[in-house]
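**Student:** Pasting the sequence and the predicted model now:
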Amino acid sequence: MNEQKAIATPKRTKEIMNKYGFSFKKSLGQNFIIDVNILRNIITKAGITKEMDAIEIGPGIGALTEQLAIAANEVVAFEIDGRLLPILEDTLNPYNNINIINQDILKANMMEIWNRYFQGDRLVKVVANLPYYITTPILMQLLMAKLPISSITVMIQKEVAERMAAKESTKEYGSLSIAIQYYTEASVEMIVPKTVFMPQPRVDSAVLHLKMREKPPVQVENEPFFFNFVQSSFQQRRKTLRNNLSRHFKDKLSKPELEAGFEKIGIDGTRRGESLTIKEFAELSNYFYQQIKENS
């Protein structure tokens, strides 16, 4: 397909919008990509081939969907905005390997959809240009659903991508970094300027690649307890681990019990959450989980 005909150009995007009288909904975080080379780079970073299927979230007018249809075997795209359905039917008419689902992915029965569309042993990858306002809920839902997804490659706000891929002892590192690290190996693949979007957002974007782990890098006694424990350790970033956890465990563990935990695991309570590795968090979390179980 030559680039003049691709959906992801300023001229074609304007033509499509004018044809259908479409206006952007700020509440849905609609920013369409108008640079086909960026989209092809995203697909390359995702490692999409004809032997694979793809899930897309928020296809918009079909710019990325089109490129996925060219590169992948089958594409399933979730679009929440019903106004876009006739547009997608038109723009994606040349392709017979696309399934549009008019549904909020956060409310979808993903296992049912998986069983309907993804049969056989082909790898399935998620590739999407995600709305900024709902990036984290979508990614966490996909990760916690534990679907047999091979990888997730998404265009998101640069600052959020950096937080998700952050390593310990950096200012970006936090509970979100650890949650992402627990399920995936994360890397920021490219920075994307705001000028390649219509309308232009206020900030630059980044392409985040999440390679799903076969199993987490640490063993935890109880996942909800672990994630809650990690969040509490970052509750007030300037405060020490001791201060944050004293508040978190005030009705469950005494201060001497807390100190005994720090000593047992060999972690100084005056450290801040951002200095702990996922392994250290897991060890502390497991110890305190057992202590609370014994106390109850």
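**Tutor:** Arrived safely.

**Student:** which residue ranges form the strands in the protein?
**Tutor:** Ranges of strands within the chain are 32-33, 52-57, 74-78, 98-101, 123-129, 151-157, 184-192, 197-198, 205-212, based on DSSP state E.

**Student:** Who are the packing partners of the second one?
**Tutor:** Contacts defined by 3 or more Cβ pairs under 8 Å, 6 or more residues apart in numbering; DSSP states H and E place strand 52-57 against helix 63-71, strand 74-78, strand 123-129. (Glycine included, C-beta is placed from N, CA and C.)

**Student:** Extract the C-alpha trace of it and format it as CSV.
**Tutor:** Written as CSV, here are the backbone C-alpha positions of strand 52-57 (Å, rounded to 0.1, in the frame of the first residue of the first chain):
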residue,chain,number,x,y,z
MET,A,52,0.5,-13.9,14.9
ASP,A,53,-2.8,-12.4,15.9
ALA,A,54,-3.2,-8.9,17.4
ILE,A,55,-5.5,-7.2,19.9
GLU,A,56,-5.9,-3.4,19.5
ILE,A,57,-7.6,-1.1,22.0
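
**Student:** what's next to it, contact-wise?
**Tutor:** With contacts defined as Cβ atoms under 8 Å, 6 or more residues apart in numbering, strand 52-57 is touched by 46, 48, 64-65, 68, 71-78, 105, 117-118, 122-128, 130, 138, 149-150.

**Student:** how about JSON lines for the helices and strands packed on strand 52-57, with mean pLDDT added?
**Tutor:** Converted to JSON lines, the helices and strands packed on strand 52-57 look like this (pLDDT from 0 to 100):
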{"stretch": "helix 63-71", "mean pLDDT": "98"}
{"stretch": "strand 74-78", "mean pLDDT": "98"}
{"stretch": "strand 123-129", "mean pLDDT": "97"}
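
**Student:** what's the closest of these to Met164?
**Tutor:** Closest approach to Met164 among the helices and strands packed on strand 52-57 (Cβ to Cβ): strand 123-129, 14.2 Å.

**Student:** Give the pairing partners of that closest one; include direction for each.
**Tutor:** strand 52-57 (parallel), strand 151-157 (parallel) (DSSP bridges).

**Student:** Relative to Gln219, tell me which of those strands wins on proximity.
**Tutor:** Here strand 151-157 is closest among those (Cβ to Cβ), at 23.1 Å.

**Student:** by how many degrees do that closest one and helix 63-71 diverge?
**Tutor:** 160 degrees (axes from the mean of the first three to the mean of the last three Cα atoms, to 10 degrees).

**Student:** what angle separates strand 151-157 from strand 205-212?
**Tutor:** Using the same axes, to 10 degrees: strand 151-157 against strand 205-212 is 160 degrees.
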